[in-house]
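Chemist: please find the sequence and the predicted model below.
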2 protein chains.
Amino acid sequence: MNKVTDDLHHASQDCGSCPIRHRAVCARCDSDELERLEEIKYYRSFEAGQTVIWSGDRMDFVGSVVSGIASLTQTMEDGRTQMVGLLLPSDFVGRPGRLSAAYDVVATTDLVMCCFRKKPFEAMMLETPHIAQRLLEMTLDELDAAREWMLVLGRKTAREKIASLLSIIARRDASLKLNGTQGPLVFDLPLTREAMADYLGLTLETVSRQMSALKRDGVIRLEGKRHVTIPDFTRLMTEAGDDNDGGMMA
Amino acid sequence: MNKVTDDLHHASQDCGSCPIRHRAVCARCDSDELERLEEIKYYRSFEAGQTVIWSGDRMDFVGSVVSGIASLTQTMEDGRTQMVGLLLPSDFVGRPGRLSAAYDVVATTDLVMCCFRKKPFEAMMLETPHIAQRLLEMTLDELDAAREWMLVLGRKTAREKIASLLSIIARRDASLKLNGTQGPLVFDLPLTREAMADYLGLTLETVSRQMSALKRDGVIRLEGKRHVTIPDFTRLMTEAGDDNDGGMMA
DNA sequence: GGGCCTCCTTGACCCAGATCAAGCGCGAAT
DNA sequence: ATTCGCGCTTGATCTGGGTCAAGGAGGCCC
């Protein structure tokens, strides 16, 4: 069983045919809808580094991530880039109504997406209000996440930025694994230092320095470059400058 | 006729009862829906500086701005604040599903809002798919705008940030007035230097300095502190670092 | 094993923008 | 008319993070 097949197998267990989220999250799909969605869906896989969508491309599909990670980035003419969102498994991408994408979508790791051709998907959305409803809620969540990220970009120091990113990834990772948050959190960073820098509005050197500093101060432990252990999540949150509430992702 | 009455008059001309946008924008409301919306709507007015919603407040209404400007801001414990969006006339605020607001909404100028109690509005949304549809599109637009702003916050210089903000306000202002963009654009800044700084992730001193610099370099003209003339919009766009496309607001 | 990637770390220096501080302009209150 | 206060401007100085530069650590292919 190769990688892609394995992913599809995994997908059929976890995500079923629900276009919106894992079945566990979206319990409202009835079998008629699933059948109709089945007819218009297909899978696409990408290698790490491959571009899924160029900004300005005609978007003739919508879909959700089955496995792997993709990033949304905006680029200026002179090459400065800013990552504006992360797509983790179960995240949705694409929009009704507009033809062209506003930003690049790039596979950060090997990636499998579950896609739906746009026209039939839109038609279905008009007939089944709760899909539009669910999509609206997800989009509002992403909007909140994007706005929270604006606070990170606009007002936080480099150290706080790193801590914010780590806490978001850790939280998201923990929720995918359905662990509670008790005990030390352990995960692999899905991003290179450069990608982290692009997300945080920093340079990769600064990311590296601050990671070293957080390690030196015992806020995180690092094995190799990617494997992270967070002994005390509360401590990390304090470092991130959010002493109470948490953030989400897009 | 006092200010508020005048605003309501203006509203009934421009915005009708459409909860979503000005009638000109949303042509899909039929009279049945308008009548039902009429039953659940009410107006609220606020003075400049008043808080419309505290973050964490129970949100028992949704609504749109009739006149005036409000800002969405997030605040850290130590007082650092970041504006994460602007609400201009016709913009919608509030969300189905979630009870508490994620950020403060503060009236920047005197403000009139057209509100709908949440429960009946949600009920109506479930029955009339195209309202949910329209709301979804608007939310996606705001998401795109928020993400574009992330590029501004993360990667642009102070001068570029100021130019970006001015170009957004100018564009938005021009579209409200239904002017074309030919000829010099003239408008009043609806924000103090401090509010601009909060939006741009800068200090008010830097905002002031860069405004002076743009004035000195002939990119803008200033009469008093607020009245701005933009002789050459293309020039402003170049200063902002977006040489081709444009941004939107939330 | 050795060469050669790519990703990461660390150091030295510099500069854009923050911070601290002084003062201006103008409308409102007395 | 004077004073007050707020929003803004401008100057002087400081500093966090950018920039430039020099390696280090795996991983992979020959």
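Modeler: Yes, it's here. Residues are numbered from 1 along each chain as shown, chains lettered A, B, ... in the order given.

Chemist: nearest spatial neighbour of residue A:214, skipping sequence neighbours?
Modeler: If the residues on either side of it in the chain are set aside, residue A:214 comes closest to residue A:220, at 4.9 Å by Cβ to Cβ, 6 or more residues apart in numbering or on different chains. Where C-beta positions appear, they are placed from N, C-alpha and C, glycine not excepted.

Chemist: what's the answer for residue A:129, then?
Modeler: residue B:129 (4.6 Å).

Chemist: tell me which residues touch that neighbour, please.
Modeler: Going by Cβ atoms under 8 Å, 6 or more residues apart in numbering or on different chains, residue B:129 touches A:125, A:126, A:127, A:129, A:132.

Chemist: what of residue A:46?
Modeler: A:52, A:68, A:70, A:107, A:110, A:111, A:112, A:113.

Chemist: any idea what it is bridged to?
Modeler: With DSSP bridges applied, residue A:46 shows beta-bridge pairing to residue A:111.

Chemist: one more: residue A:116?
Modeler: residue A:41, residue A:62.

Chemist: that one is in contact with residue A:61, isn't it?
Modeler: Yes: contact criterion Cβ atoms under 8 Å: residue A:116 and residue A:61 qualify, at 6.3 Å.

Chemist: pLDDT score assigned to residue A:228?
Modeler: pLDDT recorded at residue A:228 is 94.

Chemist: in the sheet, who's paired with it?
Modeler: Beta-bridge partners of residue A:228, as defined by DSSP bridges: residue A:187, residue A:222.

Chemist: can you get me a residue count around it?
Modeler: When neighbours are defined as other Cβ atoms under 10 Å in any protein chain shown, residue A:228 has 22 of them.

Chemist: over to residue A:224?
Modeler: Neighbour tally, residue A:224, other Cβ under 10 Å: 8.

Chemist: got it, and residue A:99?
Modeler: 11.

Chemist: and it, what is it in contact with?
Modeler: A:58, A:59.

Chemist: could you do residue A:56 as well?
Modeler: A:100, A:101.

Chemist: just confirm it is within a helix.
Modeler: No: assessed with DSSP: H, G, I helix; E, B strand; the rest coil, residue A:56 is coil; it does not lie in a helix.

Chemist: tell me the helix or strand right after the lengthiest helix in chain A.
Modeler: Across chain A, the helix with the greatest residue count (assigned by DSSP state H) is helix A:129-155. Downstream of helix A:129-155, the first helix or strand assigned by DSSP states H and E is helix A:158-177.

Chemist: quick one: buried residues of that following helix?
Modeler: Neighbour counts using 16 or more other Cβ atoms under 10 Å in any protein chain shown place A:158-174 of helix A:158-177 among the buried residues.

Chemist: repeat that for stretch A:85-99.
Modeler: Residues of stretch A:85-99 classed as buried by neighbour count (16+ other Cβ under 10 Å): A:85, A:86, A:87, A:88, A:89, A:90, A:91, A:92, A:93, A:94, A:95, A:96.

Chemist: again, but for stretch A:210-221
Modeler: A:210, A:211, A:214, A:219, A:220.

Chemist: helix or strand for residue A:113, which one?
Modeler: Going by DSSP H and E, residue A:113 is in strand A:111-117.

Chemist: wait, residue A:65
Modeler: Going by DSSP H and E, residue A:65 is in strand A:61-67.

Chemist: next, the angle strand A:111-117 makes with that strand.
Modeler: 150 degrees (axes from the mean of the first three to the mean of the last three Cα atoms, to 10 degrees).

Chemist: quick one: list the elements packing against strand A:61-67.
Modeler: helix A:3-14, strand A:92-93, strand A:111-117, helix A:118-127 (3 or more Cβ pairs under 8 Å, 6 or more residues apart in numbering or on different chains; DSSP states H and E).

Chemist: mean pLDDT lowest for which of the ones you listed?
Modeler: helix A:3-14 (a mean of 41).

Chemist: residue A:167 against residue A:240, yeah?
Modeler: Yes: counting by Cβ under 8 Å, residue A:167 does reach residue A:240; the two are 5.2 Å apart.

Chemist: quick check: bridge partners of the residue nearest the centre of chain A?
Modeler: The centroid of chain A falls nearest to residue A:87 when counting by Cα atoms, centre = their mean (2.6 Å). Beta-bridge pairing of residue A:87 under DSSP bridges involves residue A:70.

Chemist: any idea how far residue B:125 is from it?
Modeler: 27 Å (Cβ to Cβ, to the nearest Å).

Chemist: any idea which helix or strand carries residue A:235?
Modeler: Assigned by DSSP H and E, residue A:235 falls in helix A:233-240.

Chemist: right, is that helix up against chain B?
Modeler: No: Helix A:233-240 lies apart from chain B when judged by Cβ under 8 Å from any Cβ of the partner chain; the minimum separation is 10.1 Å.

Chemist: can you check what angle separates that helix from helix A:129-155?
Modeler: 60 degrees.

Chemist: now find how far off-centre helix A:233-240 is within its chain.
Modeler: Taking Cα atoms, centre = their mean, to the nearest Å, one finds helix A:233-240 lying 21 Å from the centre of the chain it belongs to.

Chemist: tell me which other helices or strands that helix touches.
Modeler: helix A:158-177.

Chemist: what about the helix it packs on and DNA strand D, touching?
Modeler: Yes: counting by Cβ under 7 Å from any atom of the strand, DNA strand D has neighbours in helix A:158-177: A:158, A:159.
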